[in-house]
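# Got a predicted model here, sequence first, then my questions.
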Amino acid sequence: MKTGIVAPINYLNYSTAPYLVYAEFLTSSKYLNYYRSKPVLLDTSPVLPRKSNLEVLLEGVRLLKPKRIILPSKDYSPRNTIGLVQSFLREYRGSGELVGVLQGLDLDSLLVCYNFLRDICGIIALPSVLEKIAGREEIIRDLGMKEPVLYIEVSSNPYREIPPKNSLGICTSYPIRLARDLRELEEYRVTPPPLDFYIPDGKLIEELVESNIEEYTEIVRKEAR
C-alpha cells in the first residue's frame with residue numbers, strides 16, 4: 001500500500017507518491033517546478049478546518065494539469081461540500097480523475113454526502129477529521145463503500161489509523177511533523193502541530209525525519225498484507 005509523505009517546500013526530497021500537492025503553495029517556483037512533471041493529487045490547502053478556495057484550486061489545475069483532483073469540501077458539512085463541488089464542476093475544464101472528500105457530522109449526514117459523491121467520483125477521500133465521528137474503517141464498513149478510498153492525514157494515532165488493504169493508501173505529513181517537534185513516531189501523543197511548509201533549510205534533524213518516515217511506511221506496508 002502506498003504512503004504519500006507530504007513534505008515542506010525546502011524538504012521536497014522526502015515527498016513520496018501519491019504526491020499530495022496543495023494549490024495554495026504553487027506560488028513558490030520551487031514547489032511548482034518540483035511537482036510539474038509528477039503525477040500529482042491536487043488539493044487546495046492543508047489548513048484545517050477545510051474550507052476550499054475555488055479560484056486557488058482552479059488555478060492549480062491550470063498550472064499542473066494534475067492526474068487527480070481532490071474536490072473542494074467543508075469539514076463536517078455535506079450541504080456546503082455539495083455546493084462547493086457543484087460550483088467547481090461548473091468551472092472545471094480539465095481531464096483529471098475526480099476525488100470526492102467525505103464530510104458529515106454523523107453517519108446519516110455522511111451517507112448524504114457519500115450518495116452525492118459516488119455518482120461523480122471514482123475515488124473517495126477520507127480526511128482525518130472523520131476520526132472525531134468514528135474510525136474511518138468503521139465508516140467505510142457502515143456506509144457500505146465499494147469505491148477505492150484514500151486517507152488524508154492522521155488525526156492522532158499513526159499506529160491505528162491505517163487504511164484498509166484495498167485502498168489507495170494514505171497521504172500524511174505526520175512523521176515530519178513529529179520530527180519537527182523532536183519526537184520519534186512512538187511519541188505521537190499529543191498530536192503535533194500542523195506542518196509548517198516554509199521550514200528553513202537546516203531546521204529539521206534529517207536522521208529523525210528519515211527514521212520516522214521509514215518506520216511509518218513499514219507500519220502501513222505490514223498492515224496492508
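Yes, it's here.
# Quick check, pLDDT for the residue lying closest to residue 106 once chain neighbours are set aside.
Beyond its immediate neighbours in the sequence, the residue positioned closest to residue 106 (Cβ to Cβ, 6 or more residues apart in numbering) is residue 133, lying 6.5 Å away. (Glycine included, C-beta is placed from N, CA and C.) The pLDDT attached to residue 133 in the predicted structure is 96.
# Kindly report the same for residue 138.
Reported pLDDT for residue 138: 97.
# Pull out the buried residues from whichever strand or helix holds it.
Residue 138 is located in helix 136-143, with elements delineated by DSSP states H and E. Counting neighbours by 16 or more other Cβ atoms under 10 Å, one finds that the buried residues in helix 136-143 are 136, 137, 139, 140, 143.
# Looking at these, spot the one nearest residue 117.
Minimum separation from residue 117 among the buried residues of helix 136-143 (Cβ to Cβ) is found for residue 143, which lies at 10.8 Å.
# need the contact list for that closest one.
Residue 143 makes contacts with 107, 110, 111, 114, as judged by Cβ atoms under 8 Å, 6 or more residues apart in numbering.
# Doesn't residue 76 belong to a strand?
No. Residue 76 is assigned coil when assessed by DSSP: H, G, I helix; E, B strand; the rest coil, not a strand.
# and it, what does it touch?
When contacts are counted by Cβ under 8 Å, 6+ apart, residue 76 touches 49, 103, 104, 105, 129.
# Any chance of JSON lines for those, columns pLDDT and secondary structure?
As requested, the contacts of residue 76 are exported to JSON lines (pLDDT from 0 to 100; DSSP: H, G, I helix; E, B strand; the rest coil):
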{"residue": "49", "pLDDT": "83", "secondary structure": "coil"}
{"residue": "103", "pLDDT": "98", "secondary structure": "coil"}
{"residue": "104", "pLDDT": "97", "secondary structure": "coil"}
{"residue": "105", "pLDDT": "96", "secondary structure": "coil"}
{"residue": "129", "pLDDT": "96", "secondary structure": "helix"}
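# Buried among these? Make that a PyMOL selection.
To isolate the buried subset of these in PyMOL, counting by 16+ other Cβ under 10 Å, use the following:
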select buried, resi 103+104+129
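# Quick check: the farthest pair among the contacts of residue 76?
49 and 104 (13.5 Å).
# what about the residue located most distally from the centre of the chain, which helix or strand?
The outermost residue of the chain, judged against the average C-alpha position, is residue 202 (25.8 Å), by Cα atoms, centre = their mean. Taking DSSP H and E as the definition, one finds residue 202 inside no helix or strand.
# What's the local residue count around the nearest residue to residue 104 once chain neighbours are set aside?
Among residues not flanking residue 104 along the chain, residue 110 sits closest, at 3.4 Å (Cβ to Cβ, 6+ apart). Neighbourhood size, residue 110 [other Cβ atoms under 10 Å]: 23.
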